[in-house]
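Peer 1: I would like to see how this sequence folds:
(chains A, B and C)
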Amino acid sequence: MSDVQNLSLIKSIKNRKSRTPYLLLIPGIGWLFFFFLFPLSTLLATSLQKPAGASPDDGFLPAFKVSNYSLALVEYYPQFIRAFTYSAIATIVCLLLAYPIAYYMAFRARKYRNLMLVLIVAPFFASFLLRTNAWKTILSGDGFVVTFLNSINLLPQGRILNTSIAVIAGLVYNFLPFMILPLYTSLEKIDSRLIEAAGDLYSPPSQSFWKVVWPLSLPGVVSGTLLTFIPASGDYINAELLGSINNKMIGNVIQSQFIDLRDYPTASALSFTFMAVILVMIYLYIRRAGTENLV
Amino acid sequence: MNTVIKIIREKTLQVFSVLILFYLMLPLLVIILLSFNKPKGRQNTSWNEFSLDAWTNICRDQTICRSFSTSIQIGLLVTIIATILGTMISFALIRHRYKGRGTTSLFVFLPLATPEVILGASLLALFLNIFIPLGFWTILLAQITFTISFVVVVVNARLAGMDPRLEQAAMDLYATPFQTFRLVTLPIALPGILAAALLSFSLSFDDFIVTSFNSGRIVTFPIYIWGAAQRGIPPQVNVIATIMFVGSLLLVLLASLISKSRKAKV
Amino acid sequence: MVNSRPKVEDLHLVNLTKNFGDFKAVDNLTLTIPAGSFFALLGPSGCGKTTTLRMVAGLEQPTSGQIKLGNDDITDLPPYRRWVNTVFQSYALFPHLTIYENVAFGLRRQKASNIDDQVKRMLELVELTSLAQRKPQQLSGGQQQRVAVARALINEPDVLLLDEPLGALDLKLRRQMQLELKRIQTEVGITFVHVTHDQEEAMTMADTVAVMNEGRIEQMGSPVQIYEHPRTVFVANFLGQSNLFEGTVAGVEKDEIAVKLADSIIYVPTSSTEIRSGRIVVGVRPEKVKIVDQGKTGLPKNQINGSIKNTAFVGVSTQYEVETNWGLEISAFEQNVDPTDLGRPGQAVTIAWEPRHSFVLDPDEDLTAGLDPTWTE
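Peer 2: Next comes the predicted model:
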């Protein structure tokens, strides 16, 4: 075939080429559509169902029982509030702990940076449950930490385990890497010569930080905050392993409603409400930051 | 005076960072240590005496090893499928300009931002409503769903850093689009794809919340641990966790050594 | 030999246009590049030269127009079906392949025979035989550049496209490579199309230079032609420097036109323009004017008086800025023969030049076209 005769074949190949992105996307996005988006709608449907009989074993019927929501919220709003409170505290503590180390890695530790990154990510290679459970050992009544703190009378209840402190401490530990990594990514992009320029223009180091570094690191702060606060507020493992009955979070309630009590409508109503709050937060974030650089 | 303040500030920063690293490592040390422990009763939460018993008799309790192998099987399948689907999405996002890129980005981001309880709960609601029995396959479907987004993030990072001119150069040198992909794009993207695969496996193996909502009677390794948490976690669990941890760490170190040697200037 | 075409043919660009949304990157370009010539496409950034090159390579689709090699229309052919190869600005060497494999890449795709022989010969040509098994990251910039050229040349294309390939090299290396490329082109006889913003480079290497601006060709010709006889203000200002004078035609005498400039009269040959009355722009390059103390005799016919505003000793020459008494600024370059005779600011001087060294431009054009943007803009 001469080049000129190839023309119609080439033209048809060209048209196919512009369809490539869509062909690539169909399997993955299709999967997410069916197994992520669609289930959320079934969750909504389930949240409106009514009981078929007196016991959960009788199952549920499709309905429009909006009162599921009001009943669930009235009953369980303390756990909602507690979840967001614990999570907010944990997020702030994470930010305070993560910023210095992220700063150190970005601006100072040239040689050890990669080693530090590996160490920060390393905990993910060990079982999450075992790690959380390990705090039971570390914070146990006859362990080193508690006996030390008791000797200087810092513990009002004489213990850490089975208090809200333990749960929050667990959340901080589990989600700290989620705060460090985005912060580090953001800080690492900052040209250190900007700080030098600030110094050249009479700015003392503290001001250079607040006026130059901090504003430029905000994308990392925001994304780290989101990636910490949202999963932490839905967590129930820390509360279960390290807390007492008074420390239950909304995640615990949803889990027990679904698995133990099998009250699917109530559980779904709670889940959906929780999801709605999360979506509002994500929406506000996207309003500021746009969708291009999400993933 | 200024230099003294500066030195103090620098040292504090250094010390603080080391302390944080130590804080992150602490539970790992506890896990590893307790694998060498012979617990007094059922609870393996405090040190009793040194023993290699757990290491030499890992599968004394069959359920532990069965749950481990279940997790491995699921992990491998999830890795293969999620890596392929996620890589395809990543290529579409990074290498092509098309309408709706922002929406796709958002759509892929949502599972990452959704709490695991919601992910698990919604999938459970789905399976219940369309009457799919809970078990091995529902676990698989559930895990793939949240893993895809992680794959996209990792492969994106690798692809975004790749010079688009390389593919143009290949075509300029008589490579068809398929040859370009096979000979240039894929080899260069491969480290990212492998990293994504490793991450997928870790996420799958260690997943508890989403899995527990959709597992029915199947027991994965984390589900076993959770069940044993109240009664007492046998040290064999610590042994397996230690092996997995050290293994993964070695893999990562090996990979970074290989890439360093490739980049070495002679 | 894999390229089985019998001989190298002319490259024709016909009414080639490329729009990016509202932006006209290449505007109705028609151009013939003779087979076997070294052709330079010269212009400032954003003028459309790289876009044109990419369209010839097949890496960019024209909005309209045609590209033909001889009689074959290649406009719709994908890059892997054109006998055209590119040397990219950033080299675009495959980082995961050795130098050997990089150079062999094109031949392998064409399933050529004797690949090993050809690669070895090409590596010898560019003097990189000892580095054949290294990876691109291990080579210096100059070495990488030679690999990029080798990788393209080995396929014996009809046209070799070079996209500012020498930009990243330091001055000495650049000069060396300019000579190398010129030598290779003469030996091999392939058409080279070289895109650059460096006018020295274009004029040194090319047989024909086309000056591009805002998607269009301003003027095309041999380096001497376009330099000595610029036909637009842009070319006059972009290539070297020009003094441009706006005046009115005072009369026509035999084979010269008299032009009134404030209180002076200067002359241009009638052969240099069609204009016989009205407004006219006369240009002369600074190196073609003499600068002497006022009052000297025996000077060329065109004379303007003024005083020195600035002097700059550049080494090979002294560059003067002279201001006339009606505020016009004239540049004069004096070749450095006896630097002891430098003029001083304020000194009264006469600028003089032969009428035949002048060129004439369209009076309706913007006289600042082609100049570097300044802070005052």
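Peer 1: if you count residues, which helix in chain A comes out on top?
Peer 2: helix A:67-103 (DSSP state H).
Peer 1: So which elements touch that one?
Peer 2: Judged by 3 or more Cβ pairs under 8 Å, 6 or more residues apart in numbering or on different chains; DSSP states H and E, helix A:67-103 is in contact with helix A:164-188, helix A:214-234, helix A:250-255, helix A:264-289, helix B:2-35. Yep, even glycine has a C-beta here, placed from its N, CA and C like the rest.
Peer 1: Could you tell me the least trusted of these?
Peer 2: Lowest mean pLDDT of those: helix A:264-289, a mean of 86.
Peer 1: Would you tell me whether that one gets close to chain B?
Peer 2: Yes: for helix A:264-289, a contact with chain B is found by Cβ under 8 Å from any Cβ of the partner chain, at A:264, A:267-268, A:271, A:274-275, A:278, A:282, A:286.
Peer 1: From the residues you listed, list just the buried residues.
Peer 2: By neighbour count, with 16 or more other Cβ atoms under 10 Å in any protein chain shown, those hold A:264, A:267-268, A:271, A:274-275, A:278, A:282 as buried.
Peer 1: So residue 190: helix, strand or coil?
Peer 2: All of this refers to chain A. coil (DSSP: H, G, I helix; E, B strand; the rest coil).
Peer 1: and it, how many neighbours does it have?
Peer 2: Residues near residue A:190, counting by other Cβ atoms under 10 Å in any protein chain shown, number 18.
Peer 1: ok, it to chain C distance?
Peer 2: 25 Å (Cβ to the nearest Cβ, to the nearest Å).
Peer 1: Likewise for residue A:83?
Peer 2: 48 Å.
Peer 1: do the same with residue A:155
Peer 2: Applying Cβ to the nearest Cβ to residue A:155 and chain C gives a distance of 57 Å.
Peer 1: list the contacts for that residue?
Peer 2: A:146, A:149 (Cβ atoms under 8 Å, 6 or more residues apart in numbering or on different chains).
Peer 1: ok, now with 10 Å
Peer 2: Residues near residue A:155 by Cβ atoms under 10 Å, 6 or more residues apart in numbering or on different chains: A:145-146, A:148-149, A:163, A:165.
Peer 1: before we move on, back to that, contacting residues around the next helix-or-strand element following the longest helix of chain A?
Peer 2: Following helix A:67-103 in sequence order, the next helix or strand is helix A:113-121 (DSSP states H and E). Applying Cβ under 10 Å, 6+ apart, the contact partners of helix A:113-121 are A:98, A:101-102, A:104-106, A:109, A:112, A:176-177, A:180-181, A:184, A:188, B:17-18, B:20-22, B:24-25, B:28, B:199, B:202, B:248-249, B:252-253, B:256, B:260.
Peer 1: buried residues in helix A:113-121?
Peer 2: A:116-117, A:119-121.
Peer 1: can you put the residues you listed in CSV and add pLDDT?
Peer 2: Listed next are these as CSV, based on pLDDT from 0 to 100:
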residue, pLDDT
A:116, 91
A:117, 89
A:119, 90
A:120, 92
A:121, 87
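Peer 1: Any stretches of the stretch 1-150 of chain A with poor pLDDT?
Peer 2: A:1-18, A:56 (pLDDT under 70).
Peer 1: what about residue C:203, how many neighbours?
Peer 2: 18.
Peer 1: before we move on, what about residue A:153?
Peer 2: Counted with other Cβ under 10 Å, the neighbours of residue A:153 add up to 8.
Peer 1: Looks to me like it is in a strand.
Peer 2: No: Residue A:153 is assigned coil when assessed by three-state DSSP, not a strand.
Peer 1: Look up phi and psi at it.
Peer 2: phi 60, psi 40 (degrees, to the nearest 10).
Peer 1: cool, residue C:308 as well?
Peer 2: According to degrees, to the nearest 10, residue C:308 has phi -70, psi 130.
Peer 1: In chain A, which residue sits closest to chain B?
Peer 2: Across chain A, the shortest distance to chain B (Cβ to the nearest Cβ) belongs to residue A:234, at 2.5 Å.
Peer 1: my guess is that residue meets residue A:175, correct?
Peer 2: No: using Cβ atoms under 10 Å, residue A:234 is not in contact with residue A:175, being 11.4 Å away.
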